[in-house]
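[1] Below is the sequence, then the predicted model.
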Amino acid sequence: MIKEIQAKSILRKHKKVDSWFLSKYGMNLYRGCTHNCAYCDGRAEGYYVSGEFGRDIEVKINAIEILKKELSPVRKRTPFEKGFAMVGGGVCDGYQPIEAKYELSRKTLEIVRDHNFPVHLLTKSTLIKRDVDIISQINKQNRAIVSFSFSSCSDAISKVFEPGIRPPSERLETIRFFKDHGIASGVFLMPVIPYVTDLAEVLEESVAKIKEAGADFIIFSGMTLKPGRQQDYFYNVLDSYDPQLKQQYEQIYPPSQWGGAKEEYYNAISHVFHAIARKYKIPVRIPLVLFKDILKENDLVMVILEHIDYLLKSRGERTPYGFAAYSVSQLKEPVSLMANSLTSLKGVGSATEKIILEILKTGSSSYYEKLMNA
Ligand code: SF4
């Protein structure tokens, strides 16, 4: 059922740039998603999506009008900062089938282009090919990144757990399509489904196919399973796939409000994924070349430090860089003004100071590049 609603606001400014997606601004044009993936956490009660998830959709019918007002320089007391606008994510997919009728994502891209923002799009839908003309224009002016999420590259598994979307083979084709148009394209391999798509052979098949399609990066993450609607719905689908698996799930998902699996489980699958990613030489974070010239100084330093933190943790090492990144993200002034007193920031010792000074001088860090290419 489609319900047209009036939204009060569309644009959200993040407190800090998200180093997974690089987004500074986010927007959701719909509520709910007919892609109806079995694992979707949009189904969880905490997101307050009304109606039957997977079937009912709310369309923010005034989204374009609101967005134009929100972006109007006349109404804005402080100017917008340069940073990626993210279309997608949250509890909807901006390119779910209803988009063919309402074209809210397309009209949003036109506004993003006219306001000279770079954009990062995340979808599971091949409908996004329709908008290659505007995405190319944004890419020429600034930068566009088109990302796709996958739980695996198996068409057979996807048919069970992602019944409302085109198979992974078509999404891989769509990556090639955007790469052929000179547009950066990456993969969010998330969530991987425990004991189904997190198996070493399934992961390796996914990474090999994604690499072959020409993706610029793969970002990996496990699945959450929140008690209530999300878990109940998922277990029904899982039983239809393999009724033996639920018992194993109960071992790794202790009852918790957030639906997280045990740390040992996440560490184990992360270890397997990273070994495969190293074998196929594919970046596991969005590469610097795609954001170096886009992010403001503090955001650039913060994202690089968070990437270093992630890369070290993925090797099982302890790191101070996440803490340092947070301190930089809280600064009200450009970090370069503190070049002589960086170690006064919480979490910044002499090694981090050296990295920050190198980023300020060159826009990069040799230590970071070494880790990314390891
Ligand atoms: S495409 Fe994304 S938002 Fe839509 S049902 Fe699947 S996981 Fe949920």
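    Perfect, thanks for sending it. Nothing here was measured: the structure is a model prediction, and the numbers come from that model.
[2] Name the residues of stretch 38-46 that come out as buried.
    With burial defined by 16 or more other Cβ atoms under 10 Å, the residues of stretch 38-46 counted as buried are 38-44. (C-beta placed from N, C-alpha, C; glycine too.)
[3] Widest-spaced pair of those residues?
    38 and 44 (13.1 Å; Cβ to Cβ).
[4] By average pLDDT, which secondary structure element in the protein comes out worst?
    strand 12-13 (a mean of 89; mean pLDDT, DSSP states H and E).
[5] contact partners of that one?
    With Cβ atoms under 8 Å, 6 or more residues apart in numbering as the test, strand 12-13 has contacts from 24-27.
[6] Residue 83 contacts residue 300, doesn't it?
    No - the criterion here is Cβ atoms under 8 Å, and residue 83 misses it with residue 300 at 10.5 Å.
[7] what are the ranges of the strands in the stretch 101-250 of the chain?
    119-123, 144-150, 184-189, 218-220 (DSSP state E, counting those that start in this stretch).
[8] For whatever residue of the stretch 101-250 of the chain ends up closest to the ligand, which non-adjacent residue is closest in space?
    Nearest residue of the stretch 101-250 of the chain to the ligand: residue 124, at 4.5 Å (Cβ to the nearest ligand atom). Nearest residue to residue 124 in three dimensions, chain neighbours excluded: residue 165, at 4.8 Å (Cβ to Cβ, 6 or more residues apart in numbering).
[9] quick one: contacts for that neighbour?
    Counting by Cβ under 8 Å, 6+ apart, residue 165 makes contact with 35, 37, 124-125, 158, 171.
[10] Filter those residues down to the ones in helices?
    Among these, DSSP state H puts 158, 171 in helices.
[11] could you redo the contacts of residue 165 as JSON lines and give each row distance to residue 336 and neighbour count?
    Shown next, in JSON lines, are those (distance: Cβ to Cβ, whole Å; neighbours: other Cβ atoms under 10 Å):
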{"residue": "35", "distance to residue 336": "44", "neighbour count": "21"}
{"residue": "37", "distance to residue 336": "44", "neighbour count": "24"}
{"residue": "124", "distance to residue 336": "40", "neighbour count": "25"}
{"residue": "125", "distance to residue 336": "41", "neighbour count": "24"}
{"residue": "158", "distance to residue 336": "47", "neighbour count": "23"}
{"residue": "171", "distance to residue 336": "41", "neighbour count": "23"}
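[12] Just say helix, strand or coil for the closest residue to residue 328 other than its chain neighbours.
    In space, and not counting its chain neighbours, residue 328 is closest to residue 302: 4.7 Å by Cβ to Cβ, 6+ apart. At residue 302 the chain is in helix, as set by DSSP: H, G, I helix; E, B strand; the rest coil.
[13] Compute the number of surrounding residues for residue 302.
    Neighbour count of residue 302, defined by other Cβ atoms under 10 Å: 26.
[14] let's have the chain start at 106 instead
    In the new count, where the first residue is 106, that last one comes out as residue 407.
[15] Wait, it touches residue 435, no?
    No - contact criterion Cβ under 8 Å: residue 407 and residue 435 do not qualify, at 9.5 Å.
[16] So the residue nearest to residue 229 versus residue 128, what's the distance?
    Separation of residue 270 from residue 128 (Cβ to Cβ, to the nearest Å) stands at 22 Å.
[17] now residue 356
    For residue 356, the distance to residue 128 - Cβ to Cβ - is 35 Å.
[18] Looking at these two now, which is surrounded by more residues?
    Between residue 356 and residue 128, counted using other Cβ under 10 Å, the more crowded position is residue 128 (23 against 11).
[19] Return the backbone torsion pair for that one.
    Taking degrees, to the nearest 10, you get phi -80, psi 140 for the backbone angles of residue 128.
[20] Show the pLDDT at it.
    With respect to pLDDT, residue 128 scores 93.
[21] still on that earlier bit, just the ones of the contacts of strand 117-118 in strands?
    The strands, defined by DSSP state E, take in 129-132 from these.
[22] so can I have JSON lines of the residues you listed showing neighbour count?
    Converted to JSON lines, the ones in strands among the contacts of strand 117-118 look like this (neighbours: other Cβ atoms under 10 Å):
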{"residue": "129", "neighbour count": "25"}
{"residue": "130", "neighbour count": "22"}
{"residue": "131", "neighbour count": "20"}
{"residue": "132", "neighbour count": "26"}
